[in-house]
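Coordinates for the following, if possible.
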Amino acid sequence: FSQATTAPPKKKPDPVTSETVVIWGLRLWQVVGIFALFVLSIIITLCCIFKCRIPRTRKEIEARYAQRQAAKNYADKLDTVPPLGELTEIPGAQVAEEKKEEEVPTVSGKVDKAQGKKDGSKDSKKKDGEK
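You can find the predicted model right below:
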């Protein structure tokens, strides 16, 4: 049999509510809020550092993939392009100085050259006008 006691019954613990003091005098809702802010700040920091973005649609995923492929192809082709000096030189062509001597930059120079004069300076034109 069980014996009846005259001692008062054991007190039930208080139910846990949002106003229950949990740690260091902080209530439960305050502890949960601080923890949530801490986790959220870590997630935001990691997303900013590693630039991990979650695309919304399949089209956006495919567009980003195509963009990455195009950038990769462009970079690969850029590596195969020779330096600028090699692009401007034509194999077997004359040296640049020789070209400058042969070229006549102005129309009057061409006319003078066609008439057999060596240079198209103003002095030679004045002399021709005086005669």
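
pLDDT below threshold where in the protein?
Flagging of the chain using pLDDT under 70 yields the residue ranges 1-2, 52-53, 55, 85-105, 117-131.

Enumerate every residue touching Trp29.
18-19 (Cβ atoms under 8 Å, 6 or more residues apart in numbering). From N, CA and C alone the C-beta is placed, and that goes for glycine too.

Look up how far Ser18 lies from it.
4 Å (Cβ to Cβ, to the nearest Å).

for Ile61, same thing?
For Ile61, the distance to Ser18 - Cβ to Cβ - is 41 Å.

Looking at these two, which has the bigger crowd around it?
Using other Cβ atoms under 10 Å as the criterion, Ile61 and Ser18 rank with Ile61 on top: 12 against 9.

Spell out which helix or strand contains that one, please.
For Ile61, the host element (DSSP states H and E) is helix 58-80.

CA-only coordinates of that helix in CSV, if you can.
This file holds the C-alpha atoms of helix 58-80, laid out as CSV (Å, rounded to 0.1, in the frame of the first residue of the first chain):
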residue,chain,number,x,y,z
ARG,A,58,15.9,29.0,-64.5
LYS,A,59,16.4,31.7,-67.2
GLU,A,60,18.6,33.7,-64.8
ILE,A,61,20.7,30.6,-64.0
GLU,A,62,21.1,29.9,-67.8
ALA,A,63,21.9,33.5,-68.5
ARG,A,64,24.6,33.6,-65.9
TYR,A,65,26.1,30.3,-67.2
ALA,A,66,26.1,31.7,-70.7
GLN,A,67,27.7,34.9,-69.5
ARG,A,68,30.5,33.0,-67.7
GLN,A,69,31.1,30.9,-70.8
ALA,A,70,31.3,34.0,-73.0
ALA,A,71,33.8,35.7,-70.6
LYS,A,72,35.9,32.5,-70.5
ASN,A,73,36.0,32.3,-74.4
TYR,A,74,36.8,36.0,-74.6
ALA,A,75,39.7,35.6,-72.1
ASP,A,76,41.0,32.6,-74.0
LYS,A,77,41.0,34.4,-77.3
LEU,A,78,42.6,37.4,-75.8
ASP,A,79,45.5,35.2,-74.7
THR,A,80,46.1,34.2,-78.3
